[in-house]
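Pasting the sequence and the predicted model now:
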Amino acid sequence: MSQIPFFYHDGELLANELLSLHEDTAKHVVQVLRKKEGDLIQLNNGKGRTALAALTSAGKKHCVVRLQSTEQHAAPSIQLHLAVAFTKNASRNEWLLEKATELGVSSITPLLSERTEREKFREDRARNILISAMLQSQQYYLPELYAPSTLKQIAERADTGTLKLIAHCDPQSTRNPISKVLSAGKDVWILIGPEGDFSPAEITQMEASGFAGIALCEQRLRTETAAMAVCAYFNLLNGK
């Protein structure tokens, strides 16, 4: 079954159900992969449910499948929630979204801070990038994509009992190496600041909300590099 292509389909995915595929998916199935009636594909709803489906009709823009079998996959037991201040460079932001998804992040929040470089957030395009990265990396859960949020909103969203961290470069504020703070087996919320870093007032604000200051390394990292370092270290620590 590993050679059968995966496609995203938002819905419950019930056994024996007849489904009309989205037009873009239908075009790819029929015009690119040249699938015909009776051929098999796999569907993934991004919520842990997958289905093996057979094509019952294969038009160029309209494609119907019957779900032959379904499976519910367990959600990751340990979750990483990433809140990151996007830059003005759209391609760097999109790269971040793609790679964070491939590395199994559970949620992504565009962070609004004092020094965030404001850029229009295209939620539809961002979501499509997450879907593509989820399918490419053969995962079953789509990261939750939050609307751009302030530090106060994120502090209210972070669950009690979750390890809460803020990465910053201010030598006047307390910060410990991530290797000394991040522990295996715990859900984590981590904040990655803008290119100008968090302001001292913001660091104080988040420390008061239970976020511990951390340092990622001796080098000064770009925003998206810092986010990837966190995701990679989290996976390494938890054996993912």
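Structure's in. What do you need? Please read all numbers here as calculations on a predicted model, not as lab measurements.

Would you check that Ala26 makes contact with Gly59?
Yes. Ala26 is in contact with Gly59 according to Cβ atoms under 8 Å; the separation is 7.1 Å. (Glycine included, C-beta is placed from N, CA and C.)

For stretch 196-205, list every residue counted as buried.
Of the residues in stretch 196-205, those with enough neighbours to count as buried (16 or more other Cβ atoms under 10 Å) are Asp197, Phe198, Ser199, Glu202, Ile203, Gln205.

quick one: which of Ala26 and Gly59 has more around it?
When neighbours are counted by other Cβ atoms under 10 Å, Ala26 and Gly59 differ, and Ala26 comes out ahead with 23 against 10.

Tell me the secondary structure at Thr25.
Secondary structure, DSSP: H, G, I helix; E, B strand; the rest coil: Thr25 is helix.

what about it, how many residues close to it?
Considering only other Cβ under 10 Å, Thr25 is surrounded by 17 other residues.

my read: it touches Cys63, true?
Yes. With contact defined as Cβ under 8 Å, Thr25 reaches Cys63; the gap is 7.2 Å.

excluding its backbone neighbours, what's nearest Asn16?
What sits nearest to Asn16 in space, not counting adjacent residues and going by Cβ to Cβ, 6 or more residues apart in numbering, is Leu67, at 6.3 Å.

wait, doesn't that neighbour sit right on Leu43?
Yes. Using Cβ under 8 Å as the test, Leu67 is close enough to Leu43 to be in contact (7.4 Å).

need the strands for this protein, in chain order.
Under the criterion DSSP state E, strands of the chain are mapped to 6-8, 18-20, 40-44, 49-58, 63-72, 80-84, 107-112, 144-145, 149-150, 163-167, 176-177, 188-192, 212-215.

May I see these arranged in JSON lines, with distance to Val32, mean pLDDT and mean neighbour count as well?
Formatted as JSON lines, the entries for these read as follows, by distance: least, Cβ to Cβ, whole Å; pLDDT from 0 to 100; neighbours: other Cβ atoms under 10 Å:
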{"stretch": "strand 6-8", "distance to Val32": "11", "mean pLDDT": "95", "mean neighbour count": "18"}
{"stretch": "strand 18-20", "distance to Val32": "18", "mean pLDDT": "94", "mean neighbour count": "14"}
{"stretch": "strand 40-44", "distance to Val32": "12", "mean pLDDT": "96", "mean neighbour count": "20"}
{"stretch": "strand 49-58", "distance to Val32": "12", "mean pLDDT": "95", "mean neighbour count": "19"}
{"stretch": "strand 63-72", "distance to Val32": "12", "mean pLDDT": "95", "mean neighbour count": "17"}
{"stretch": "strand 80-84", "distance to Val32": "32", "mean pLDDT": "96", "mean neighbour count": "25"}
{"stretch": "strand 107-112", "distance to Val32": "29", "mean pLDDT": "95", "mean neighbour count": "20"}
{"stretch": "strand 144-145", "distance to Val32": "26", "mean pLDDT": "96", "mean neighbour count": "16"}
{"stretch": "strand 149-150", "distance to Val32": "37", "mean pLDDT": "95", "mean neighbour count": "14"}
{"stretch": "strand 163-167", "distance to Val32": "41", "mean pLDDT": "95", "mean neighbour count": "22"}
{"stretch": "strand 176-177", "distance to Val32": "47", "mean pLDDT": "92", "mean neighbour count": "12"}
{"stretch": "strand 188-192", "distance to Val32": "36", "mean pLDDT": "96", "mean neighbour count": "25"}
{"stretch": "strand 212-215", "distance to Val32": "44", "mean pLDDT": "94", "mean neighbour count": "18"}
